[in-house]
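>>> Pasting the sequence and the predicted model now:
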Amino acid sequence: MHEMSLMAGVFDAVNAALLDYQVTKVTKVKLQVGKFTNAEPASLEFAFQAFAQGTFVEGAELEIEEVPVVAKCNCCGNEFNANQLVFFCPKCENYDIEIISGRELILESLEVE
């Protein structure tokens, strides 16, 4: 389950973000998770709860915004949602594409006390 390693990175980012502040409790963590990460929201929630135990994040809400996979054709410039396993441009049918979103795992915001 790679969600555990992803969540380890999230908690590293949470700790780094709060290093200079006197925070007693985190009440909400909001993430942007790209579909191309293949991270399952339920597994991320499980990993979040495991990492939060005994920390100032315990009991916090995890909000996950899923980011679709968007690709751009390097031939015609068309941008499109890439919903299939083999990516090709639906406009010109070329396979020379670039993924421009959907791989991210971003700590978007924290709510704290």
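Perfect, I can see it now.
>>> Return the set of buried residues in stretch 40-58.
Residues 43-44, 47-48, 51-52, 56-57 are the ones in stretch 40-58 that count as buried (16 or more other Cβ atoms under 10 Å). Where C-beta positions appear, they are placed from N, C-alpha and C, glycine not excepted.
>>> from the chain's centre, how far out does whichever strand or helix holds residue 6 sit?
Here residue 6, judged by DSSP states H and E, is contained in helix 3-18. The chain centroid and the centroid of helix 3-18 are separated by 11 Å under Cα atoms, centre = their mean, to the nearest Å.
>>> now do stretch 22-41
7 Å.
>>> Tabulate the CA atom coordinates of stretch 29-43 in CSV.
Extracted C-alpha coordinates of stretch 29-43, given in CSV (Å, rounded to 0.1, in the frame of the first residue of the first chain):
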residue,chain,number,x,y,z
VAL,A,29,-5.9,18.8,6.5
LYS,A,30,-6.8,19.4,2.9
LEU,A,31,-4.9,17.6,0.1
GLN,A,32,-5.0,17.7,-3.6
VAL,A,33,-4.4,14.2,-4.9
GLY,A,34,-3.9,13.5,-8.6
LYS,A,35,-5.7,10.5,-10.1
PHE,A,36,-2.4,9.4,-11.7
THR,A,37,-1.0,8.7,-8.2
ASN,A,38,-3.3,5.7,-8.0
ALA,A,39,-3.9,6.6,-4.3
GLU,A,40,-7.2,5.4,-3.0
PRO,A,41,-9.0,7.9,-0.8
ALA,A,42,-10.0,5.2,1.7
SER,A,43,-6.4,4.0,2.0
